[in-house]
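Visitor: need a structure here:
(4 chains)
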2 protein chains.
Amino acid sequence: MAGVNAGGERKERARFRRQAPEDRRRQLGEAALRCILKHGNAGVSVRQIAAEAGVTQGLVTHHFGEISELVAYAFDIMSGSLLQALMDAVAAAEPTPQKRLDAFIEASFSPVLFDRDVLGVWVVFWGLVLHSPRMSASQQGEYSDYVAAVERLLGDLAASEEFAIGNVRLAAIAFTALLDGLWLAWCLNPSSFRPEEGVQLCRNWVKGLRLGAHG
Amino acid sequence: MAGVNAGGERKERARFRRQAPEDRRRQLGEAALRCILKHGNAGVSVRQIAAEAGVTQGLVTHHFGEISELVAYAFDIMSGSLLQALMDAVAAAEPTPQKRLDAFIEASFSPVLFDRDVLGVWVVFWGLVLHSPRMSASQQGEYSDYVAAVERLLGDLAASEEFAIGNVRLAAIAFTALLDGLWLAWCLNPSSFRPEEGVQLCRNWVKGLRLGAHG
DNA sequence: TTTGTTGTTATACGATCTTATAATTTCTCT
DNA sequence: AGAGAAATTATAAGATCGTATAACAACAAA
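Guide: Numbering: from 1, shown residues only, chains lettered A, B, ... in the order given. As a prediction, this is how the structure comes out:
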């Protein structure tokens, strides 16, 4: 049956470069983040993500099975990268507890984190966390890493300045909540306050801590 | 052509009760809330909402046009009802600024509001607010109502106890952010702290306010 | 050069979604 | 009682989605 295509119009398959699963998974994860960033919940779709990554849909299934696995992976990428950015800022500060905490606060309100797009991605994740055990597991781990980092910053400050904090873990949870809440409020309604005012509000919280509000 | 259906099995149209547009809109809005509550973002669908309300899909289009209009309407219902519940609790408290604020805090952590299901609905709304001007407009109005209520509570307290608050509006924004952040954290990870601890953290924030942290 | 593994494309199927349109019933008003 | 308005049902068309499966091609190793 050779030569059946007399017209010579042989259907050509798309060429591709074969890649290590590790690399491909990351590419797909980052494509997923871009899709979610652009279209919110509507961006969570095998087809859209595959197109964004420039591959076919089957590849997503091949590497991740269910799509929720891909989204969870993207969540881990994003979460790790944000916490890393924060801790880099802390590490770059002068090594006193005061400067380190303040660097953490300022970095939290810097354009890298304090960004509507970032919240857009986050909100999608939250929605999934509430309905998917797999996402919930990721979230728990990442939240506790975050709170632990804050706890260390606050604990060091208290030790250095010799004031008392009744329960450092709870204080860290409150401070984290304040940061998240301000982030949320500002992203949903950027005209409600300016980022510098957000920094000031966080500093005021720390001021209250120093004055013994959490003793 | 009469009598073609010899078997007598005439296709009967479903009976229905005609209702005032106002009533129907509300029914559909509440059905939308139940759908979102049950299925998250996946619950935002004309078909599902219509089924939940016990009507056909066309009715949604008829009353709301685009589905985003229905969701925005549902958002208004929910938002109004939550703020109302809070203000009812405040009104039921003894009429001193201290008791009123405390009632506000306690109500915020009561099962009516401090609820994973409620957050699930909220998260869906946030996701839409970030991508839809119509939803954003609703959110702005409702957020400013909320902050105004908090502002009044804090202002009254400060006036009554004669301590200073540099910028009451900003303080109200911070307090609101703390509440929202704690709500968010707890719903995403209920084992991180107990509601009573959340109440305590808010009281501590007020304590800091009294001590002049926001002076 | 050849063979085998597996990353990747291509394609199909069934379900669900949004939107549009026509037919029909309910209710009100005269 | 009858007619008209509009609320509601019914149905269809086209798009998109998730998942499964088979064929193909790139690369490594022999």
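Visitor: residue closest to the middle of chain A?
Guide: Nearest to the geometric centre of chain A sits residue A:79, at 3.3 Å (Cα atoms, centre = their mean).
Visitor: isn't that residue right next to residue A:140, touching?
Guide: No. Using Cβ atoms under 8 Å, residue A:79 is not in contact with residue A:140, being 11.4 Å away. To be clear about C-beta, it is placed using only N, CA and C from the backbone, and glycine gets the same treatment.
Visitor: quick check: neighbours shared by those two?
Guide: Common contact partners of residue A:79 and residue A:140 (Cβ atoms under 8 Å, 6 or more residues apart in numbering or on different chains): none.
Visitor: so the residue of chain A found nearest DNA strand C is in which element?
Guide: As assessed by Cβ to the nearest atom of the strand, DNA strand C sits closest to residue A:58 within chain A, at 2.9 Å. In the assignment (DSSP states H and E), residue A:58 maps to helix A:57-64.
Visitor: I'd like the average pLDDT over that helix.
Guide: Averaged across helix A:57-64, the pLDDT comes to 96.
Visitor: quick one: buried residues of it?
Guide: The neighbour-count check on helix A:57-64 (16 or more other Cβ atoms under 10 Å in any protein chain shown) flags A:59, A:60, A:63, A:64 as buried.
Visitor: from these, pick the one nearest DNA strand D.
Guide: When the buried residues of helix A:57-64 are compared against DNA strand D (criterion: Cβ to the nearest atom of the strand), the nearest one is residue A:60, at 6.9 Å.
Visitor: name the nearest residue to the closest one, ignoring sequence neighbours.
Guide: With sequence-adjacent residues excluded and distances taken as Cβ to Cβ, 6 or more residues apart in numbering or on different chains, residue A:60 is closest to residue A:46, at 5.0 Å.
Visitor: ok, the one you found touching residue A:59?
Guide: No. Look at residue A:46 against residue A:59 with Cβ under 8 Å: they stay out of range, at 9.5 Å.
Visitor: so who does residue A:144 touch?
Guide: With contact taken as Cβ under 8 Å, 6+ apart, residue A:144 is in contact with residue B:192.
Visitor: same question, the one 10 residues further on
Guide: Going by Cβ under 8 Å, 6+ apart, residue A:154 touches A:101, A:165, A:168, A:171, A:172, A:175, A:209.
Visitor: mind giving me the domain ranges of chain A?
Guide: What automatic domain parsing lists as the domains of chain A is A:18-65, A:71-210.
Visitor: just the ones of the contacts of residue A:154 in helices?
Guide: A:101, A:168, A:171, A:172, A:175, A:209 (DSSP state H).
Visitor: quick one: the fourth one and residue A:145 touch, right?
Guide: Right, residue A:172. No. Applying Cβ under 8 Å, one finds residue A:172 not in contact with residue A:145, separated by 11.7 Å.
Visitor: look at the two and report which has more neighbours.
Guide: Taking other Cβ atoms under 10 Å in any protein chain shown, residue A:172 and residue A:145 do not tie; residue A:172 has more neighbours (21 against 13).
Visitor: show the pLDDT at residue A:195.
Guide: 97.
Visitor: neighbours around it, how many?
Guide: Counted with other Cβ under 10 Å, residue A:195 comes out at 17.
Visitor: quick one: low-confidence ranges for chain A?
Guide: For chain A, the stretches with pLDDT under 70 are A:1-11.
Visitor: buried residues in the longest helix seen in chain A?
Guide: Scanning chain A for the helix with the most residues, using DSSP H, yields helix A:133-161. For helix A:133-161, the neighbour count (16+ other Cβ under 10 Å) marks A:135-136, A:138-139, A:142-143, A:146-147, A:149-155, A:157-158 as buried.
Visitor: before we move on, back to that, can you lay out the contacts of residue A:154 as CSV showing distance to DNA strand C?
Guide: Compiled in CSV, the contacts of residue A:154 are given as follows (distance: Cβ to the nearest atom of the strand, whole Å):
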residue, distance to DNA strand C
A:101, 44
A:165, 49
A:168, 46
A:171, 44
A:172, 41
A:175, 40
A:209, 47
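Visitor: select only the buried ones of those residues in ChimeraX?
Guide: Burial among those is assessed by 16+ other Cβ under 10 Å; the matching ChimeraX selection reads:
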select /A:101,165,168,171,172,175,209
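Visitor: neighbours of the closest residue to chain B within chain A, just the number please.
Guide: Going by Cβ to the nearest Cβ, chain B is nearest to residue A:208 of chain A, at 2.2 Å. Neighbours of residue A:208 under the rule other Cβ under 10 Å: 22.
Visitor: give me the nearest residue to it, chain neighbours excluded.
Guide: Excluding its sequence neighbours, the residue lying closest to residue A:208 (Cβ to Cβ, 6+ apart) is residue B:208, at 2.2 Å.
Visitor: enumerate every residue touching the one you found.
Guide: By Cβ under 8 Å, 6+ apart, the contact set of residue B:208 is A:204, A:205, A:207, A:208, A:209, A:211, A:213, B:214.
Visitor: from the residues you listed, which two are the most distant?
Guide: A:209 and B:214 (12.9 Å; Cβ to Cβ).
Visitor: can you give me the end-to-end span of stretch A:159-176?
Guide: One end of stretch A:159-176 to the other measures 20 Å (Cα to Cα, to the nearest Å).
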